[in-house]
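J.: I'd like to go over a predicted model; first the sequence, then the structure.
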Amino acid sequence: MTSVQATANAVSLQALLRSPRGALAAASIAVIVTGLLLKWSAPALASAVWLVGLVITGAPIVWRTVLEARHGRWATDVVAVLAIVGAVALRQPVAGLVIVLMRSGGEALEQYAAGRASAALRELEAAAPRIAHRLRVGNLTSVDDVPVGLIGVGDLLLVRPGELVPCDAVVREGNSQVDVARLTGEPIPLAAAPGSALMSGSVNGDGVLTIAATARAEDSQYARIVELVRTAQATKAPLVRLADRYAVWFTPVTLLVCLATYLVSHDATRVLSVLVVATPCPLLLATPIAIIGGISRAARKQIIVRHGGALEALSSVDTAIFDKTGTLTIGKPLVRRVLTTGEHTAPELLRLAAAVEQGSSHLLARTLVDAALGDGGDCGGALPVAHAHVESPGRGVTAEVAGHEISVGARAFILERVPSTPEVLARVEQGEVGLRAYVAIDGRLAGVVEYSDRTRPGVRDLLDRLASLGVRRPLLLSGDHAPNVRAVAKEVGIAEARGDLLPEGKVSVVHQLVREGAHVLMVGDGTNDAPALSAAQVGVALASHGGGISAEAADVVVLTDDLSRVADAVEIGHRTLRIARQSIWLGLGLSVAAMIAAAFGFIPPTVGALLQEAIDIASISNALRASRG
C-alpha cells in the first residue's frame, strides 16, 4: 500500500507541475524573484520586469474569468481579476503578482485534489464480447468467427467453455454452468440447459452451448450496462464548490466596500488596497488544502478518495444503498446445514458427497469439500477416493466411493435416478426453498446439503455509525431473488430491500431517490454495480479482491475487506469539510478586518498583499489539520 500510494502521489505531483495552472504559479514566482534580484542594482528594470510579468501571467486568469462571466458563472475569480487589473493600471505589479500566484496556485491544488478521471467506460468497453462463433444456416457443423456487431436475432451461435456469451440468447442445445456474477453480482453459477435465457457478458463454464440470439449485441444486457455508466457520468449533477458558495455573498460585499471607499476618498490606490486584502485566497486555498489532507488521512486507512468532490459529497449524504452479495455478505456460498432421511448421519453424508465433488472446479463443489474437511465433516483431514465418475454438465455427477454408488446434483437430476415418495422428500426439504445439492446413495435419496451466504460481521455497527453521521435511511438492492434479499435485510436491520434487480433497476432507484432530494451513497463491488456507483452522489467500491470496473466507476475505493471503512470515509468527509469551513471563516474574518483598515487608508497595496499572505498562512495552517489523526 505504501509503495502504491507513493507512486500515485509522485504521478499526481508531476501532473500538477505540468498543468497550465501549476506552470502559471511557477512563472509568477520566477517573475517575483527576478524582480527582487534586480531591485537593488536596477530598480527601474525590476519594476518593468514585474509589470510585464504581471501582464503575461495575469492575462490568462483575466481572459478565463471574462469567458466564464459571459456564461453567467461569477465566483471567487471576480475580485482577483479586479485586483490584477487594478494593479496593472496603478503600477502596483508586486501586489498583482502575489494575487496571480495565489489564484493559479489554488487552482493547481484543486486539480491535484481532483485526481485522475475515471476509466470505467474504457474498462467496460475493453471487456465487452468481441467475436462470436456463428453456425452456418443449413450446415450446423460449420462455424464462422464474426464480429459481434454482425449477429442478427435468430442466429445460432456456438459458445465454448470459458467464453463470453456474445449477446442475449436462449440455449438450444447443451448443458453448462454459466457465471453471471459480473451482471447480477451473484456468485452462484446459472445452470444452463435447453430453454435457459442467457445475458451477454456472462461467462460459459464447462460445457459447450448452442444458443439462439434473442437480441443484437448493441441491444443486449452488457451493452446496456456500458450505456448506463456513460449516461450516469454525463448526467451526474456537478458539485458546487464550497468556495463558490461563500463567494456568492463575499464578492458583492467586497465590491460594495470598494465603491464606498472610492465615493468617500476618491482614491483609486486605496480601492486597490481593499481589493488586494479582500482577494479571497482563503477561499482558494483552504478548501483544496483541507481536502488534500482529508484524502491523505483516508489513504492511511486504505481508503482511496479519487477526487476532492467526493469528500464534499460524503459530508452531506443522508441515504445509503448497499449491494448484497460481496458487500453486506461474504459473497461465497457456505454449507448451512445437512439434512438426511435418517439412514446416514450428516457428517457421513457430507463426507461421501465431498468425495464425489473433490475433483470438480465448480464453486459449490469446492464449498462442499471445504465444509467436509472442516469442522462440519469430521473427516480427519482426508476424503475417500472416488472412481468411475459420470458427469452430466450443469446437473450433477455420479461416482463410486468406498463400495457405494453416490450421486450429487440438482433435484431433477437425482429424482430421475432415484424416485422418492413425498414423505421422504418432506424430511429433507424443510424451510424456504434455497440453494440445495441432493445426495443419493446406492439408488436411494439420502439427504440434502443446503447452502447459504453469510452476512459480514459488524453490519449493524456500521449502520449505527452511519446513522450517527446523518445517514439514517439504508436500503438493500440486489440482483438475487427477492426472498433471499429480504432475509438478509431483516438479519442486518435494513427496512427497505428490493431484489431481482438488473443494473438498470438499481440506477432507477438511485435516480428516484435523487429526485426526491436525497443525497445518495452507493456501496457495491461488482460490474453490475458500476452504473449505480456512477449515478449516486458518492459511489464506494469494495475492492479488496481486485475491484476492476466497479473501482473505476466509484468515487471512493476501499482497499481492505472491512465494511466499517465506509463509515470511516463518511466521517473523514464530515471532518474535512468542517475544518475547511473553519479555515474559510478564519480567513474571511481577517480579510474583512483588513478591508476596513485599507478603506481608511492604513494599508497600502504592497503591504496589503503581504498582509493577505499572513492571512493565507493562518488559513492554511488550520486547513492542514485535516491530514492529522
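T.: In hand now; what should we look at?

J.: Packing partners of the host helix or strand of Val170?
T.: In this structure, Val170 is located in strand 169-173 according to DSSP states H and E. In terms of contacts (3 or more CB pairs under 8 Å, 6 or more residues apart in numbering; DSSP states H and E), strand 169-173 is packed against strand 197-198, strand 209-213. Quick note: C-beta positions are derived from backbone N, CA and C, even for glycine.

J.: just for the stretch 351-500 of the chain, where's the confidence low?
T.: For the stretch 351-500 of the chain, the stretches with pLDDT under 70 are 360-363, 375-381, 393-394, 421-424, 426-427, 430-434.

J.: Show me where the stretch 351-500 of the chain has its strands.
T.: Assigned strands in the stretch 351-500 of the chain, in chain order: 386-392, 396-401, 404-409, 435-441, 444-452, 473-477, 496-498 (criterion: DSSP state E, counting those that start in this stretch).

J.: Which residues does the last one contact?
T.: Contacts with strand 496-498, where a contact means CB atoms under 8 Å, 6 or more residues apart in numbering, come from 473-478, 482, 485-486, 488-489, 505, 509.

J.: at 7 Å instead, please
T.: Around strand 496-498, the neighbours that count as contacts under CB atoms under 7 Å, 6 or more residues apart in numbering are 475-477, 485-486, 489, 509.

J.: Residue ranges of each domain in this protein, please.
T.: Using automatic domain parsing, the domain ranges for the chain come out as 2-117+235-308+571-627, 130-163+168-214, 334-452.

J.: how about the ones you listed in CSV, adding distance to Ser468 and mean neighbour count?
T.: Formatted as CSV, the domains of the chain follow (distance: least, CB to CB, whole Å; neighbours: other CB atoms under 10 Å):
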stretch, distance to Ser468, mean neighbour count
domain 2-117+235-308+571-627, 9, 19
domain 130-163+168-214, 28, 18
domain 334-452, 31, 18
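
J.: With distance to Leu463 as added columns, please give those domains in TSV.
T.: TSV is the format used below for the domains of the chain (distance: least, CB to CB, whole Å):
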stretch	distance to Leu463
domain 2-117+235-308+571-627	14
domain 130-163+168-214	20
domain 334-452	21
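
J.: Identify whichever of those lies nearest to Asp464.
T.: Closest approach to Asp464 among the domains of the chain (CB to CB): domain 2-117+235-308+571-627, 12.9 Å.

J.: Distance from the chain centre to that closest one, please.
T.: 31 Å (CA atoms, centre = their mean, to the nearest Å).

J.: Please apply the same query to stretch 524-544.
T.: 4 Å.

J.: tilt between the strand holding Val170 and strand 209-213?
T.: 140 degrees (axes from the mean of the first three to the mean of the last three CA atoms, to 10 degrees).

J.: next helix or strand past strand 169-173?
T.: Immediately after strand 169-173, counting by DSSP H and E, sits strand 176-179.

J.: what's that next one packed up against?
T.: Where contact means 3 or more CB pairs under 7 Å, 6 or more residues apart in numbering; DSSP states H and E, strand 176-179 is packed against strand 190-192, strand 203-204.

J.: Same list, those, but as JSON lines with distance to Gly326 and mean pLDDT please.
T.: Below are the helices and strands packed on strand 176-179 laid out as JSON lines (distance: least, CB to CB, whole Å; pLDDT from 0 to 100):
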{"stretch": "strand 190-192", "distance to Gly326": "17", "mean pLDDT": "78"}
{"stretch": "strand 203-204", "distance to Gly326": "16", "mean pLDDT": "86"}
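
J.: Identify whichever of these lies nearest to Pro129.
T.: Closest to Pro129 of the helices and strands packed on strand 176-179 is strand 203-204 (CB to CB; 10.1 Å).

J.: follow-up on the earlier one: please name whichever of the strands of the stretch 351-500 of the chain is nearest to Ala23.
T.: Closest among those, using CB to CB: strand 473-477, at 45.5 Å.

J.: so what strands line up beside the closest one?
T.: With DSSP bridges as the test, strand 473-477 is paired with strand 319-323 (parallel), strand 496-498 (parallel).

J.: you'd agree Ile304 is up against Leu559?
T.: Yes. Taking CB atoms under 7 Å as the definition, Ile304 is a contact partner of Leu559 at 6.4 Å.

J.: Can I get stretch 466-486 in CSV? Just the C-alpha atoms.
T.: Extracted C-alpha coordinates of stretch 466-486, given in CSV (Å, rounded to 0.1, in the frame of the first residue of the first chain):
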residue,chain,number,x,y,z
LEU,A,466,-23.7,5.9,9.6
ALA,A,467,-26.9,6.9,11.4
SER,A,468,-24.9,9.0,13.9
LEU,A,469,-23.3,10.7,10.9
GLY,A,470,-26.7,11.6,9.4
VAL,A,471,-27.1,8.6,7.1
ARG,A,472,-30.4,7.4,8.5
ARG,A,473,-32.0,5.7,5.5
PRO,A,474,-30.3,2.5,4.4
LEU,A,475,-31.5,0.4,1.5
LEU,A,476,-30.5,-3.1,0.2
LEU,A,477,-30.7,-3.6,-3.6
SER,A,478,-29.7,-6.9,-5.2
GLY,A,479,-30.0,-9.0,-8.3
ASP,A,480,-30.6,-12.0,-6.1
HIS,A,481,-34.1,-13.4,-5.6
ALA,A,482,-36.3,-11.1,-3.5
PRO,A,483,-36.9,-13.6,-0.6
ASN,A,484,-33.2,-14.0,-0.1
VAL,A,485,-32.7,-10.2,-0.2
ARG,A,486,-35.4,-9.7,2.3
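
J.: Pull out the buried positions in it.
T.: In terms of neighbour count (16 or more other CB atoms under 10 Å), stretch 466-486 has its buried residues at 466, 469, 471, 473-480, 484-486.

J.: Please identify which of these is nearest to Thr251.
T.: Distances from Thr251 to the buried residues of stretch 466-486, taken by CB to CB, are shortest for Leu469, at 32.3 Å.

J.: List the contacts of the closest one.
T.: Here Leu469 is in contact with 567, 570-571, 574 (CB under 7 Å, 6+ apart).

J.: can you list the residues you listed in JSON lines and add pLDDT?
T.: As requested, these are arranged in JSON lines below (pLDDT from 0 to 100):
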{"residue": "Ala567", "pLDDT": "93"}
{"residue": "Val570", "pLDDT": "94"}
{"residue": "Glu571", "pLDDT": "94"}
{"residue": "His574", "pLDDT": "92"}
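
J.: Can you give me the distance of the residue most central in space within the chain to Thr319?
T.: By CA atoms, centre = their mean, the mean C-alpha position of the chain lies nearest to Ala554, the distance being 1.6 Å. Distance of Ala554 to Thr319, given as CB to CB, to the nearest Å: 17 Å.

J.: What of Gly409?
T.: Computed with CB to CB, the distance linking Gly409 and Thr319 is 43 Å.
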